[in-house]
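Peer 1: Just a sequence and a predicted model for now, questions to come.
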Amino acid sequence: MNKIAMNPTATHQAGENVLRASHVAKTYDEGGLRTEVLSDVSFTLKRGETMAIVGASGSGKSTLLHIIGGLDTLTAGEVEVDGRVLSKLSDAERGRVRNRSLGFIYQFHHLLPEFTALENVCMPLLIRGTAIAEAQQQATALLERVGLGARGHHKPSELSGGERQRCAVARALVTKPACVLGDEPTGNLDEGNAAQVYALMLELNREIGTSFVLVTHDTRLAAKMDRTLVLHNGVLQENQKF
């Protein structure tokens, strides 16, 4: 498979922070009941760094990821993505930050079923305004890189579970984002396919310089990350020996 020619320092300096959360809190008020999910979450993530967030079910890991990605609002604190404070942006501006600076991978691939693998990977570039021919060229190169060069014209229903998730990885990376956020990205795969997707994400991290934040229950995946943070009682705690 051909490697992608990407310069991770073209628009960002190596070593700079691509994510910063400062005293993030999130509470829900429903029917007079107040539930505190996140109470005081702070961390920074540098360019090219990989980080796992682990914790018990219901600890707020996915909520935190959605807040970092600008998909959910926070109750207090501040999140900065690629130098932009999300709470100071309009909805349209947050959308542009998500499109230009972030990629997303979910447990269930969320590929659009009516479109081919190539069209799915093209989509973030087309939303950005990239010309169709250029978008197809970039998406084709990335599909080849993740081992799906011969599957670009197949729809998700015609791909295996592992192939669908590799396609989702390609879609997340096609815009060369500063950071990819993954919510249990291999949670729906068997052990063999999960191992392949792990290896692919780490290889692309080394080649491209994109940072990864992965919410996971998989201790093997967490152990491969540069850092592991444990979410407990609404607070993130560093766990170097996870």
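Peer 2: In hand now; what should we look at?
Peer 1: and residue 102, what are its phi and psi?
Peer 2: Phi and psi for residue 102, reported as degrees, to the nearest 10, are phi -130, psi 150.
Peer 1: Just to check, residue 230 is in contact with residue 56?
Peer 2: No. The criterion here is C-beta atoms under 8 Å, and residue 230 misses it with residue 56 at 9.4 Å. In short, each C-beta sits where N, CA and C put it, glycine included.
Peer 1: more crowded one of the two?
Peer 2: Between residue 230 and residue 56, residue 230 has the larger neighbour count (other C-beta atoms under 10 Å), namely 18 against 11.
Peer 1: Show me how far the one helix or strand the more buried one maps to is from its chain's centre.
Peer 2: Secondary structure from DSSP states H and E places residue 230 in strand 227-232. Relative to the chain's own centre, strand 227-232 is displaced by 17 Å; criterion: C-alpha atoms, centre = their mean, to the nearest Å.
Peer 1: which outside residues touch the helix or strand just after it?
Peer 2: Note on strand 227-232: by DSSP H and E, the next helix or strand toward the C-terminus is strand 235-238. The contact list for strand 235-238 (C-beta atoms under 8 Å, 6 or more residues apart in numbering) reads 39-43, 53, 64, 227-231.
Peer 1: give the contact list for residue 57.
Peer 2: Applying C-beta under 8 Å, 6+ apart, we find residue 57 in contact with residue 217.
Peer 1: For the most centrally placed residue in the chain, list each beta-bridge partner.
Peer 2: Closest to where the C-alpha atoms of the chain average out (C-alpha atoms, centre = their mean) is residue 181, at 1.9 Å. Per DSSP bridges, the residues bridged to residue 181 are residue 104, residue 213.
Peer 1: Look up how far residue 71 lies from it.
Peer 2: Per C-beta to C-beta, to the nearest Å, residue 181 is found 9 Å from residue 71.
Peer 1: Quick one: the helices in this structure, in order.
Peer 2: Counting by DSSP state H, the chain has helices at residues 61-68, 91-101, 117-128, 132-145, 161-173, 191-208, 219-224.
Peer 1: could those helices be laid out in JSON lines, adding distance to residue 34 and mean neighbour count?
Peer 2: Rendered in JSON lines, the data for the helices of the chain read as follows (distance: least, C-beta to C-beta, whole Å; neighbours: other C-beta atoms under 10 Å):
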{"stretch": "helix 61-68", "distance to residue 34": "15", "mean neighbour count": "23"}
{"stretch": "helix 91-101", "distance to residue 34": "26", "mean neighbour count": "15"}
{"stretch": "helix 117-128", "distance to residue 34": "37", "mean neighbour count": "21"}
{"stretch": "helix 132-145", "distance to residue 34": "45", "mean neighbour count": "18"}
{"stretch": "helix 161-173", "distance to residue 34": "35", "mean neighbour count": "24"}
{"stretch": "helix 191-208", "distance to residue 34": "37", "mean neighbour count": "17"}
{"stretch": "helix 219-224", "distance to residue 34": "31", "mean neighbour count": "16"}
